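[1] got a predicted model here, sequence first, then my questions.
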Amino acid sequence: MRNYDVCIIGGGASGLAAAVSLSSHFHTVLLEKNRILGRKIMATGGGRCNITNTACAHCDLTLEFFKSLGMELYHDSEGRYYPYSNQARDVVRVLEDAAEKKGVEVILDCGVTKIQKKSEGFRIVAGKSSFSAKTVILACGGKAAPALGTTGDGYGLARSLGHETTTIYPILTGIECGDLKDLKGVRARGTVRLFREEKLLAEETGEIQFTEDGISGICVMNLTMYITAEKGMPVRKSLQRYHLELDLAPDFSQAEMQQRATSFGILSYALSRRVSLEEIKGWKLPVCGVKGWKNAQCTAGGIRLDEVDLATMESRLVPGLYLTGELLDIQGKCGGFNLQNAWETGIRAAEHLNAIAKIEVK
């Protein structure tokens with residue numbers, strides 16, 4: 001059995017941020033079940049990496065962190081920060097190099113199957129290997145995008161140590177609305193409104209992408225944060241309470257529409273054949289479902305927040321256990337909000353351990 005001060009489980013955004021932020025005073029190991037660190041980071045935005053967003057409450061923490069690593073950043077008109085290279089793989093490379101300089105031992109192809117609390121720390125089992133550590137940072141990610149290795153293992157590990165999770169479901173994904181094969185591949189700018197029965201829950205404006213069985217695009221994906229199955233009610237019955245209304249002419253008033261003879265000209269030919277002039281400002285579509293984990297960019301739900309000290313990310317139930325990133329019941333819309341959560345919680349866990357170490361040294 002190999003002995004460490006800190007064992008980080010997961011080499012995604014929060015795990016790497018923690019590894020880089022930890023003092024070299026610690027003998028640290030990072031265990032990652034994939035063969036590549038930061039796979040989900042590299043898939044962010046199709047290979048681009050919007051590190052954070054000026055709308056995030058603590059984006060300054062993340063910006064200072066990356067600037068300390070020598071990474072130059074810029075932001076677009078919507079407040080999203082990117083590295084100048086605009087490539088997610090460069091972000092991972094910088095983090096990996098920084099962790100190596102800190103002396104962090106990285107072990108790939110090392111999927112953790114068990115964590116046991118011991119009197120002096122933890123025993124971590126990964127296949128035929130076992131490790132001991134005084135502290136564990138659980139940074140396994142959620143269940144979204146299982147092709148990238150995020151299969152929800154962390155929830156089971158946390159539960160085995162006494163933690164509970166809220167309902168977990170896929171978000172930031174497409175919405176299924178029935179047969180739209182004739183519109184597959186069509187794109188249109190519009191406003192999408194989500195209703196539960198007659199109550200407006202949220203609305204977003206942007207590019208709507210039509211698929212053979214529904215709609216997608218960032219403005220649509222953000223709305224999936226509000227589509228949930230009610231406790232005790234079958235999913236199908238819950239979904240029947242939701243519907244969408246699409247304004248496919250957001251820059252035109254209803255009065256202006258009444259002066260036109262057809263929707264063609266504002267809409268593409270394919271859309272104009274499906275959406276009449278009378279429907280163009282409020283085309284109703286049912287919510288039949290949302291795309292599953294394979295297509296989702298984020299997980300909603302996770303470890304209950306009242307079981308974690310959010311200032312330090314330490315478990316309130318298990319001393320020495322830290323919980324970070326998408327594993328927690330924290331989620332945001334597209335645009336850097338979920339990566340901000342990952343960086344920030346990983347950094348906070350490391351900073352708390354650094355502060356404890358200084359106290360112990362004194």
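    Noted; the coordinates are in hand. If you're wondering where the values come from, they're calculated on a predicted model, not measured in any experiment. Residues are numbered from 1 along each chain as shown.
[2] now do the strands in the stretch 251-362 of the chain.
    Applying DSSP state E, counting those that start in this stretch to the stretch 251-362 of the chain gives strands spanning 283-286, 289-290, 298-300, 308-309, 314-315, 321-323.
[3] let me fix that, I meant to ask about the stretch 101-250 of the chain.
    105-107, 114-118, 121-126, 129-138, 169-171, 175-176, 187-196, 199-211, 214-216, 242-247.
[4] picking up where we left off before, so for residue 146, which of the strands of the stretch 251-362 of the chain sits nearest?
    Taking Cβ to Cβ as the criterion, strand 298-300 is the member of the strands of the stretch 251-362 of the chain that comes nearest to residue 146, at 10.8 Å. Heads up, the C-betas are built off the backbone N, CA and C, glycines and all.
[5] list the buried residues of stretch 78-94.
    By neighbour count on 16 or more other Cβ atoms under 10 Å, the buried set for stretch 78-94 is 80-83, 88, 91-92, 94.
[6] nope, stretch 147-166 is what I was after
    The neighbour-count check on stretch 147-166 (16+ other Cβ under 10 Å) flags 148-155, 157-158, 161, 163, 165 as buried.
[7] ok, stretch 185-195 next?
    Buried-residue list, stretch 185-195, by 16+ other Cβ under 10 Å: 186, 188, 190-195.
[8] pipe the residues you listed into CSV and attach pLDDT and distance to residue 141 per row.
    Listed next are the buried residues of stretch 185-195 as CSV, based on pLDDT from 0 to 100; distance: Cβ to Cβ, whole Å:
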residue, pLDDT, distance to residue 141
186, 96, 33
188, 96, 34
190, 97, 33
191, 98, 32
192, 98, 28
193, 98, 31
194, 98, 27
195, 97, 32
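[9] hang on, the earlier thing: just the buried residues of stretch 78-94: which are in strands?
    By the criterion of DSSP state E, membership of these in strands covers 80-83.
[10] with pLDDT and distance to residue 348 added, can I get the residues you listed in CSV?
    Formatted as CSV, these follow (pLDDT from 0 to 100; distance: Cβ to Cβ, whole Å):
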residue, pLDDT, distance to residue 348
80, 90, 22
81, 90, 19
82, 88, 23
83, 88, 22
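[11] out of these, flag the one nearest to residue 214.
    Closest to residue 214, out of all of these and judged by Cβ to Cβ, is residue 80, at 25.9 Å.
[12] do you know how far the nearest residue to the closest one once chain neighbours are set aside is from residue 262?
    Distances taken as Cβ to Cβ, 6 or more residues apart in numbering place residue 50 nearest to residue 80, at 4.1 Å, with adjacent residues excluded. Distance from residue 50 to residue 262, counting by Cβ to Cβ, to the nearest Å: 39 Å.
[13] comparing the two, which shows the higher neighbour count?
    Taking other Cβ atoms under 10 Å, residue 50 and residue 262 do not tie; residue 50 has more neighbours (23 against 11).
[14] which pLDDT value goes with the more buried one?
    What the model reports as pLDDT for residue 50 is 84.
[15] tally of neighbours for residue 141?
    28.
[16] for it, grab phi and psi.
    With angles defined as degrees, to the nearest 10, residue 141 sits at phi 80, psi -180.
[17] what sits against it?
    Residues near residue 141 by Cβ atoms under 8 Å, 6 or more residues apart in numbering: 10, 12, 14, 40, 149-150, 154, 299, 325-327.
[18] how about 10 Å then?
    10-15, 39-40, 148-154, 298-299, 324-327, 342 (Cβ atoms under 10 Å, 6 or more residues apart in numbering).
[19] tell me the buried residues in stretch 134-146?
    Under the neighbour-count criterion of 16+ other Cβ under 10 Å, stretch 134-146 has 134-145 buried.
[20] would you mind extracting the C-alpha trace of that stretch into CSV?
    Backbone C-alpha positions of stretch 134-146 (Å, rounded to 0.1, in the frame of the first residue of the first chain) are rendered in CSV as follows:
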residue,chain,number,x,y,z
LYS,A,134,-4.8,11.4,5.4
THR,A,135,-7.1,13.4,3.1
VAL,A,136,-9.3,12.6,0.1
ILE,A,137,-10.6,15.1,-2.5
LEU,A,138,-13.5,13.4,-4.3
ALA,A,139,-13.6,15.1,-7.8
CYS,A,140,-15.1,12.4,-10.0
GLY,A,141,-17.6,14.6,-11.9
GLY,A,142,-21.2,13.7,-12.6
LYS,A,143,-23.0,11.4,-15.1
ALA,A,144,-23.1,13.7,-18.2
ALA,A,145,-21.2,12.6,-21.3
PRO,A,146,-20.4,9.0,-20.3
